[in-house]
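**Q** Here is a sequence together with a model predicted from it:
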Amino acid sequence: MAKKEQVLVGFHERRSGFIADMRECHVLPKSMSDQLLPLRELISALSIVNDMPQIELAVGENVTVLVFRVMTDINDADLALFKAYADRWQVQIWLQPKGPDSAYPLYPLDAPALTYSLPEFGIEMPFKPTEFTQVNYAINRVMVARAMSLLDPQPGEIIADMFCGLGNFTLPIARSGAKVLGMEGSTQLVERALEGAIHNQLDHLTSYEIANLFEMTEEWLDKLGRFDKMLIDPPRDGAMALCQSISVEHGPKRIVYVSCSPATLARDADILVNVKGYTLKNAGVINMFPHTAHVESILLGSKKNKPSASAVLKP
């Protein structure tokens, strides 16, 4: 970092493009907090020290991956340094020369696959280090369990999982015996969701569709058929277009909305309650991000006497 005349590894300063001078971090796992200073030494020794703007961290249950964003090619000396670091700290090194899809493993090549598990539902989720997952997998288990208790999926029901990602909620829903349609705008995440369904032998109960849910219309949603229940888990922008598209007459009898933004959750809940006729039955927060001001929120909205679903899932 030119401003501070040294290599820094850490998060951005508040409302700034500069990196904070961090020597420990209580948000990171301790094994990674202990590496903040050694990473400085590694980067300082690399030939591409001025062409490495970012490091991404992915922590699985059996492996930790560091993805180095590299703007130029590494040389043999750099490779030796990366290998020595990986061996010392028991991590896997990936390089990312361009966009997220360009990331590839450098060393060791025989490291375990990145996965996290949801033991309560017998789910093991494979993922790539540049794909979105919840950073706190222990609290994610709590969140998924709570969402499932509110949704209460039953065998034979047809359920929509909107903004499904790689299937964090889709597969636990399917484990109940319900049929699930997962919708997501990212092609890469849908491909991983399909792999996860096959990996967990739940592909017979799951179907996925790539769709921009920020442009959802009532006509488009109606074409999917009727759903008994719906789970919505959008990014911070929320799901206003989706909520506006839900039919007053034929909407799902129960909606569980998981949110990382209380502001957009409140906006969308207003639509569901005051426009679409849902009754708010339950709400709460989960401290997914300790030592920060961010929380995950969950609410349950329901209607009475909804007809059975008739949606047709694509194979």
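**A** Nice, I can see it.
**Q** Could you use CA atoms for every contact and neighbour count after this?
**A** Fine.
**Q** measure the most centrally placed residue in the chain to residue 7 for me?
**A** The residue lying closest to the centre of the chain (CA atoms, centre = their mean) is residue 133, at 3.0 Å. Applying CA to CA, to the nearest Å, the value for residue 133 to residue 7 is 28 Å.
**Q** With residue 155 instead?
**A** Taking CA to CA as the measure, residue 155 falls 55 Å from residue 7.
**Q** okay, the two: which has more neighbours?
**A** Each of residue 155 and residue 7 has its neighbours counted (other CA atoms under 10 Å); residue 7 has more, 18 against 12.
**Q** The more buried one belongs to a helix?
**A** No - per DSSP: H, G, I helix; E, B strand; the rest coil, residue 7 lies outside any helix segment and is coil.
**Q** Just the terminal-to-terminal distance for stretch 212-220.
**A** Length of stretch 212-220, first residue to last, CA to CA: 11 Å.
**Q** oh sorry, the question was meant for stretch 159-177
**A** Using CA to CA, the two ends of stretch 159-177 sit 11 Å apart.
**Q** Compute the distance from the centre of it to the centre of its chain.
**A** 13 Å (CA atoms, centre = their mean, to the nearest Å).
**Q** cool, stretch 201-211 as well?
**A** Computed by CA atoms, centre = their mean, the separation of stretch 201-211 from the middle of its chain amounts to 17 Å.
**Q** Go through it and flag the buried ones.
**A** Using 16 or more other CA atoms under 10 Å as the test for burial, stretch 201-211 gives 202-203, 205-211.
**Q** do the same with stretch 8-20
**A** Neighbour-count burial for stretch 8-20, counted by 16+ other CA under 10 Å, picks out 8-10, 18-20.
**Q** Save those residues as CSV, and put in distance to residue 241 and pLDDT too.
**A** Formatted as CSV, the buried residues of stretch 8-20 follow (distance: CA to CA, whole Å; pLDDT from 0 to 100):
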residue, distance to residue 241, pLDDT
8, 41, 76
9, 39, 81
10, 36, 75
18, 36, 80
19, 36, 80
20, 38, 81
